[in-house]
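Undergrad: Quick one: sequence and predicted model below, then my questions.
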Amino acid sequence: MTQPFPDSPDFAGHNAPSRIECDLFDLEIEGSLPEEIHGTWYRSIPDPQFPPMLGHDTFLSGDGMVSAFRFEKGHVDFSMRYVQTERWKNERAARRGLYGLYRNPFTDHPSVQGKGRGAANTTPLFHGGRLIALKEDSRGWAVDPRTLNTVGEWDYEGRLRSQTMTAHPRIDPETGELHFFGYEAGGLATCDVAYGVANRDGELIREDWLKVPYCALMHDFAVTQEHVVFPGFPITADLARLRAGGPHWAWDPSLETFVGIMPRAGRIDQIRWFRGPACSVFHILNAFTEGNRLHMDLSVSNLPAFSFIRDATKMDVPQYALQGEISRWTFDLSKPGDEFERQTIAPSGDLPRVAAKDSTRNYDIAYYERFDPSIGPPILSGPVHVGFNAISRLEIGSGRMTSFNMNPQWTVQEPVHIPSRKPGHEGYLAFVVDRHELNLAEVFVVEAEHLSRGPVARIKVPMRLRSAVHGTWVTAEELRSSI
């Protein structure tokens, strides 16, 4: 390698690139791992193989890694591989970075102009027997769920017209349908959004296109049993700015938040638009329809959590100054107008999870991560540069919250919910704990209902694990159906 990685928060300390592909057999376990946990936990990690061509970049540009923790009969194996995208192959052949600013192809090296630049680094999706690595600025990449070898770009066998696919699709637990969307679907900085549905066998059965009020960041969306919800927030893209070599995203508080709601079995021309104050949202807990009212629970902040977006707008706002909450937005579809209700339901945090069985339905239990300054000072970790140090279990109806707090020298990555086969059992949470004092990682497994009691098992990983973005649990039964 001809140059070092930058000494910046996106590439230093716990955020230093790992670049390790590996297979670790039969990890050491402390405690008792329930044998009913039988399946694989896939995680997506941005991990750049080369320093950025321009000398600086964001954590979110890293090449996609997919890792797998495989649970079977009380044992755990671990594997990790790069997704060999066109971008990855081009840079591997050149032995250097070739791509410029985050999501700005006009800043790329001439040798890769017009070539694929998707990194497949955000979410591993398992649906229709396929494992797909997703990043919202491009189409997904199919990965062999057993070997983690790259199969190729996935476009639903040529049927998908959208150039992009969200990293937050939604699976209906009853029908098995996959609902997804792509923003900037028709090209860079366009207002085109494509809404797609794939049946339980992974066949694309619907793709409809719509226009949103402005080109906004639309990282996540929501689906209920009756509706589809398309929210957009005033983190905006502008083609002229990109052509001039500027950043893809910039915060524009002069614009309103928009939310489009469409009947799930309806048409694009039936979308009803609601508007609210400027705010930043990346992740949605869940949503459900109750008569004429649609409720959507989400993690809201007053400004974008990512410093590179604030920097693009020349906002000198430190991370600790951000204000946020877990909020419920309620839309009364029986009333005219474009306003909606907002209600605080929990303290701020992010990376929320619900049990798969509760998705699209009225629910009572959610899990999410928080940074609690009373536990200890912030530790550099992950794309927003401040690692979470607590995981909380929230009872939506009562507002009761219990938490598992980390050691002051630890941070925690996004949890995954693992269902139990025992009647009445809430299931388990698994999450990576970064032990910064040892530069090593562990996986904690806890009973979800008794989160505050701590782990029933601690799985030792003999290396540091760079922060993942999102993950998914796939049962052994589901994997037997894989293609």
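TA: Yep, it's here. Numbers count the residues shown, from 1 in each chain.

Undergrad: hang on, residue 467 in a helix?
TA: No. Under DSSP: H, G, I helix; E, B strand; the rest coil, residue 467 sits outside any helix and is assigned coil.

Undergrad: next one: phi and psi at it?
TA: Backbone dihedrals for residue 467, given as degrees, to the nearest 10, come out at phi -60, psi 130.

Undergrad: measure it to residue 424 for me?
TA: Plainly put, residue 467 is 34 Å away from residue 424 if you go by C-beta to C-beta, to the nearest Å. Using the backbone N, CA and C atoms, a C-beta is placed for each residue, glycine as well.

Undergrad: Ok, residue 37 next?
TA: As defined by C-beta to C-beta, residue 37 lies at a distance of 17 Å from residue 424.

Undergrad: Among these two, which residue is more densely surrounded?
TA: More neighbours surround residue 37 than the other of residue 37 and residue 424, with 24 against 6 (other C-beta atoms under 10 Å).

Undergrad: Would you agree that one is in contact with residue 428?
TA: Yes. Counting by C-beta atoms under 8 Å, a contact exists between residue 37 and residue 428, whose distance comes to 6.4 Å.

Undergrad: Which residues are in contact with each of those two?
TA: Overlap between the contact sets of residue 37 and residue 428, as judged by C-beta atoms under 8 Å, 6 or more residues apart in numbering, is given by 418, 445.

Undergrad: so where is this structure shaky, pLDDT-wise?
TA: Segments of the chain classed as low confidence (criterion: pLDDT under 70) are 1.

Undergrad: which residues does the nearest residue in space to residue 226 that is not next to it in sequence contact?
TA: The shortest distance from residue 226 to any non-neighbouring residue, by C-beta to C-beta, 6 or more residues apart in numbering, is to residue 289 (4.2 Å). With C-beta under 8 Å, 6+ apart as the criterion, the residues that contact residue 289 are 224-227, 295.

Undergrad: Please report how far residue 289 lies from residue 57.
TA: In this structure, residue 289 and residue 57 are 41 Å apart, going by C-beta to C-beta.

Undergrad: circling back to that earlier point, out of the contacts of residue 289, which are inside strands?
TA: Among the contacts of residue 289, the members falling in strands (DSSP state E) are 227, 295.

Undergrad: Turn the contacts of residue 289 into CSV, columns for neighbour count.
TA: As requested, those are arranged in CSV below (neighbours: other C-beta atoms under 10 Å):
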residue, neighbour count
224, 23
225, 14
226, 17
227, 22
295, 19
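
Undergrad: Turn the contacts of residue 289 into CSV, including distance to residue 133.
TA: Supplementary listing: these in CSV, determined by distance: C-beta to C-beta, whole Å:
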residue, distance to residue 133
224, 27
225, 28
226, 31
227, 28
295, 31
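
Undergrad: Identify each buried residue in stretch 429-443, please.
TA: Going by neighbour count (16 or more other C-beta atoms under 10 Å), the buried part of stretch 429-443 is 429-436, 441-443.

Undergrad: What segments of the stretch 351-483 of the chain are helices?
TA: 476-479 (DSSP state H, counting those that start in this stretch).

Undergrad: Near residue 2, how many other residues are there?
TA: Under the neighbour criterion other C-beta under 10 Å, residue 2 is assigned a count of 7.

Undergrad: Am I right that it is in contact with residue 96?
TA: Yes. The pair residue 2 and residue 96 qualifies as a contact (C-beta under 8 Å) at a distance of 6.8 Å.

Undergrad: Touching the longest helix along the chain from outside, list them.
TA: In the chain, taking DSSP state H as the definition, the longest helix is helix 86-94. Helix 86-94 is contacted from outside by 49-50, 63-64, 82, 97-99, 111-112, 115-119, 153, using C-beta under 8 Å, 6+ apart.

Undergrad: Closest to residue 26 out of those residues?
TA: Using C-beta to C-beta, residue 82 is the member of the contacts of helix 86-94 that lies nearest residue 26, at 23.6 Å.

Undergrad: Now do the same contact list for the closest one.
TA: Applying C-beta under 8 Å, 6+ apart as the definition, the contact partners of residue 82 turn out to be 21, 47, 49, 63-65, 88, 150.

Undergrad: Reformat the residues you listed as TSV; add distance to residue 362 and secondary structure.
TA: Compiled in TSV, these are given as follows (distance: C-beta to C-beta, whole Å; DSSP: H, G, I helix; E, B strand; the rest coil):
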residue	distance to residue 362	secondary structure
21	43	coil
47	38	coil
49	44	coil
63	40	coil
64	35	strand
65	36	strand
88	42	helix
150	39	strand
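
Undergrad: Looking at these, state which has the most neighbours.
TA: Of those, with other C-beta under 10 Å as the count, residue 64 tops at 29 neighbours.

Undergrad: Setting aside sequence neighbours, what's the nearest residue to that residue?
TA: The spatially closest residue to residue 64, leaving aside those adjacent along the chain, is residue 121, at 3.4 Å (C-beta to C-beta, 6+ apart).

Undergrad: Wasn't that neighbour part of a helix?
TA: No. Assignment of residue 121 by three-state DSSP gives coil, placing it outside any helix.

Undergrad: burial count for it?
TA: By the other C-beta under 10 Å criterion, the neighbourhood of residue 121 contains 29 residues.

Undergrad: Repeat that for the one 3 residues further on.
TA: Here the neighbour count serves as a burial measure; for residue 124 (other C-beta under 10 Å) it reads 30.

Undergrad: quick thing: my sequence starts at 45, can you match it?
TA: Yes, from this point I'll number from 45; that puts the last item at residue 168.

Undergrad: Specify the local secondary structure of it.
TA: In terms of secondary structure, residue 168 is strand; the call rests on three-state DSSP.

Undergrad: Which residue comes closest to it once chain neighbours are left out?
TA: Excluding the flanking residues, the one nearest residue 168 by C-beta to C-beta, 6+ apart is residue 86, at 3.9 Å.

Undergrad: Which strands or helices does the helix or strand that neighbour falls within pack on?
TA: Remark: residue 86 resides in strand 83-90, with elements defined by DSSP states H and E. Packing partners of strand 83-90 (3 or more C-beta pairs under 8 Å, 6 or more residues apart in numbering; DSSP states H and E): strand 108-116, strand 167-171, strand 174-178, strand 460-462, strand 515-519, helix 520-523.
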